[in-house]
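Engineer: No sequence on hand, only this structure:
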């Protein structure tokens with residue numbers, strides 16, 4: 001064990017290598033601030049509602065500061081807490097940030113990373129200054145490539161003490177010499193990112209459903225924890241809220257808007273006595289894909305922090321784009337639903353699989369609602385689809401059971417007529433076009449299958465045979481049946497078995 005070395009390049013993997021999006025630094029520092037505020041509330045140092053997380057942007061000075069009035073860190077714990085990697089005292093059950101990696105995420109995006117903190121009842125504060133520029137040079141150097149992470153860090157940081165009021169309690173992250181090209185000081189972009197990713201409340205203006213969502217979730221025994229987060233740029237300060245709104249744009253070209261008509265609470269509870277996850281889904285008119293990227297898609301959250309992005313739940317929809325027609329949030333509760341290190345999804349364990357299985361059922365219901373809403377707006381298409389049902393069912397039955405040529409021609413003509421009626425239906429929205437195309441393709445496929453169907457059920461079930469091969473085999477079996485009569489059964493079965501066996505073992509081209 002004494003020969004094992006954790007090399008310096010591990011540090012690069014855990015900073016810039018871990019996070020592909022530089023804006024993730026805001027999520028990492030805000031979630032740590034939220035945990036610290038929770039600790040302060042529990043300790044009685046902070047009163048409920050007095051929490052504050054402030055983000056200051058200074059693009060001219062290339063400076064960013066994120067500070068909170070949480071519990072702070074004791075001077076004796078500062079070095080071990082802030083410089084250690086993957087050695088956090090937090091756990092996944094009750095903390096948003098628990099891996100001990102996120103504190104150093106800003107190193108890749110600035111020249112100096114500075115932490116300042118003071119714990120309640122300590123008459124002093126502690127400052128840690130990390131020279132990120134020097135660290136970058138050491139990581140880029142080919143010399144002494146077997147240098148350990150600890151040895152590298154020891155050369156790039158210093159700790160300073162300063163006088164502070166004993167009643168003060170806070171933690172500040174300061175980034176000096178921020179890389180301009182990353183646009184981390186873009187006021188609107190930061191506000192937009194925080195509004196979607198951070199644990200902020202629902203807005204008061206333009207989203208009346210926010211209070212109703214909170215009320216209904218409270219009735220189920222679930223409280224959404226949120227914090228007062230502000231972003232300041234020069235003389236401008238705004239408090240950040242979730243971006244949801246009652247009315248939203250669907251089609252910019254047509255200036256078409258949709259609105260939330262109601263919400264439904266979804267409860268995922270594999271066990272009777274506890275919620276696994278809970279959330280809300282907006283009931284809209286489903287006019288189309290939502291234009292505003294900040295609200296489209298059902299979002300996953302843990303501790304009210306976004307997990308993944310607006311497309312993470314695309315996989316639970318049979319047609320992925322329908323997640324973009326949906327609005328909602330799912331809050332993971334179960335302790336076994338653990339965000340992975342990158343926070344782009346949950347760890348792929350049994351709890352994750354179960355959650356996504358439930359979400360697949362919910363997505364199926366949403367897809368059904370979208371189809372129903374579309375067909376109401378497209379009455380001509382709806383009639384054509386309903387009229388085609390009888391003939392598609394008949395075609396499916398005869399394909400499975402066998403059919404003679406005269407019946408085949410009759411059903412094929414009916415399917416072609418149904419296909420023509422669907423193709424010529426007048427449409428009122430893009431959703432109708434989607435279902436028109438799907439129905440047309442399904443009928444086209446059914447007509448093709450029908451064309452290759454024979455009077456022998458067993459032949460129809462052999463998927464590896466071409467239409468021509470099926471027809472040849474049908475004629476051969478007809479000859480055998482006509483010549484041998486009832487005695488042909490065993491021979492016919494043997495021939496069918498042989499073709500089926502060939503399909504499984506060798507394939508039939």
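Structural biologist: That came through, no problem. This structure is a prediction, so every number in the text was calculated from the model and none was measured.

Engineer: Straight-line length of stretch 114-134, end to end?
Structural biologist: The straight-line separation of the ends of stretch 114-134 (Cα to Cα, to the nearest Å) is 14 Å.

Engineer: residues of it that come out buried?
Structural biologist: 114-120, 122, 125-132 (16 or more other Cβ atoms under 10 Å). Bear in mind the C-beta positions are built from the backbone N, C-alpha and C, glycine included.

Engineer: Flag whichever of these scores worst on pLDDT.
Structural biologist: Lowest pLDDT among the buried residues of stretch 114-134: residue 132, with 87.

Engineer: SS state for residue 64?
Structural biologist: With DSSP: H, G, I helix; E, B strand; the rest coil as the basis, residue 64 sits in strand.

Engineer: Can you give me every residue that contacts it?
Structural biologist: 55-58, 110, 173-175, 178, 184-185 (Cβ atoms under 8 Å, 6 or more residues apart in numbering).

Engineer: Look up how far residue 332 lies from the closest residue to residue 269 other than its chain neighbours.
Structural biologist: Spatial nearest neighbour of residue 269, excluding adjacent residues (Cβ to Cβ, 6 or more residues apart in numbering): residue 275 at 5.2 Å. Noted for residue 275: a distance of 10 Å to residue 332, by Cβ to Cβ, to the nearest Å.

Engineer: Kindly report the same for residue 370.
Structural biologist: 25 Å.

Engineer: returning to that earlier point: just the closest of the contacts of residue 64 to residue 310, please.
Structural biologist: If you rank the contacts of residue 64 by distance to residue 310 using Cβ to Cβ, residue 184 comes first, at 21.1 Å.

Engineer: What residues does that closest one make contact with?
Structural biologist: Applying Cβ under 8 Å, 6+ apart, we find residue 184 in contact with 22-23, 25, 64, 109, 175, 178, 190.

Engineer: Just the ones in helices from the residues you listed, please.
Structural biologist: The helices in this structure, assigned by DSSP state H, contain 25, 190 from the contacts of residue 184.

Engineer: The contacts of residue 184 into TSV, with extra columns for pLDDT?
Structural biologist: Output for those, formatted as TSV (pLDDT from 0 to 100):
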residue	pLDDT
22	91
23	94
25	94
64	98
109	92
175	97
178	95
190	97
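
Engineer: Quick one: the helices in the stretch 101-250 of the chain, in order.
Structural biologist: Taking DSSP state H, counting those that start in this stretch to define them, one finds helices in the stretch 101-250 of the chain at 132-140, 149-154, 187-197, 209-219.

Engineer: Kindly reformat those helices as JSON lines containing distance to residue 309.
Structural biologist: Shown next, in JSON lines, are those (distance: least, Cβ to Cβ, whole Å):
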{"stretch": "helix 132-140", "distance to residue 309": "27"}
{"stretch": "helix 149-154", "distance to residue 309": "30"}
{"stretch": "helix 187-197", "distance to residue 309": "8"}
{"stretch": "helix 209-219", "distance to residue 309": "21"}
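
Engineer: out of these, deepest packed?
Structural biologist: Of the helices of the stretch 101-250 of the chain, the one with the most neighbours on average (mean count of other Cβ atoms under 10 Å) is helix 187-197, at a mean of 18.

Engineer: what sits up against that helix?
Structural biologist: 23, 26-27, 30, 55, 57, 183-184, 200, 229, 231, 233, 236, 238, 240-243, 294, 299, 305-306, 310.

Engineer: With adjacent residues omitted, what lies nearest to residue 364?
Structural biologist: Leaving aside its sequence neighbours, residue 364 sits nearest to residue 318 (Cβ to Cβ, 6+ apart; 7.2 Å).

Engineer: scratch that, residue 55 is what I was asking about
Structural biologist: Excluding the flanking residues, the one nearest residue 55 by Cβ to Cβ, 6+ apart is residue 231, at 4.7 Å.

Engineer: Surely that neighbour is in contact with residue 200?
Structural biologist: No. In this structure residue 231 lies outside contact range of residue 200 using Cβ atoms under 8 Å: 10.7 Å.

Engineer: Mutual contacts of the two, please.
Structural biologist: Taking Cβ under 8 Å, 6+ apart as the contact rule, residue 231 and residue 200 both touch 194, 240.

Engineer: Pull the contacting residues for the residue nearest to residue 55.
Structural biologist: Contact analysis of residue 231 by Cβ under 8 Å, 6+ apart lists 55, 57, 187, 190-191, 194, 237-238, 240.

Engineer: would TSV of those with distance to residue 479 be doable?
Structural biologist: Formatted as TSV, those follow (distance: Cβ to Cβ, whole Å):
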residue	distance to residue 479
55	84
57	85
187	83
190	79
191	79
194	77
237	90
238	84
240	80
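
Engineer: got the end-to-end distance for stretch 261-274?
Structural biologist: Taking Cα to Cα, stretch 261-274 runs 29 Å from one end to the other.

Engineer: Among the buried residues of stretch 114-134, which one lies nearest to residue 416?
Structural biologist: Nearest to residue 416 out of the buried residues of stretch 114-134 is residue 132 (Cβ to Cβ; 69.4 Å).

Engineer: what's the longest helix in the protein?
Structural biologist: If you go by DSSP H, the chain has its longest helix at helix 350-377.

Engineer: If you count neighbours, what's buried in that one?
Structural biologist: Across helix 350-377, burial judged by 16+ other Cβ under 10 Å covers 351-352, 354-356, 358-359, 362-363, 366-367, 369-371, 373-375, 377.

Engineer: Can you spell out which helices and strands pack onto it?
Structural biologist: Packing partners of helix 350-377 (3 or more Cβ pairs under 8 Å, 6 or more residues apart in numbering; DSSP states H and E): strand 262-268, strand 277-283, helix 379-401, helix 430-451.

Engineer: again, 10 Å this time
Structural biologist: On a contact count with 3 or more Cβ pairs under 10 Å, 6 or more residues apart in numbering; DSSP states H and E, helix 350-377 meets strand 262-268, strand 277-283, strand 297-302, strand 327-332, helix 379-401, helix 430-451.

Engineer: okay, the angle between the longest one and helix 430-451?
Structural biologist: Right, helix 379-401. Angle of helix 379-401 versus helix 430-451, following axes from the mean of the first three to the mean of the last three Cα atoms, to 10 degrees, is 20 degrees.

Engineer: So for helix 379-401, what gets flagged as buried?
Structural biologist: Here helix 379-401 shows 381-382, 384-385, 388, 391-392, 394-395, 398-399 as buried, counting by 16+ other Cβ under 10 Å.

Engineer: okay if I get the residues you listed as CSV plus pLDDT?
Structural biologist: Formatted as CSV, those follow (pLDDT from 0 to 100):
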residue, pLDDT
381, 80
382, 78
384, 79
385, 80
388, 82
391, 76
392, 83
394, 77
395, 77
398, 69
399, 69
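
Engineer: Cool, thanks, signing off.
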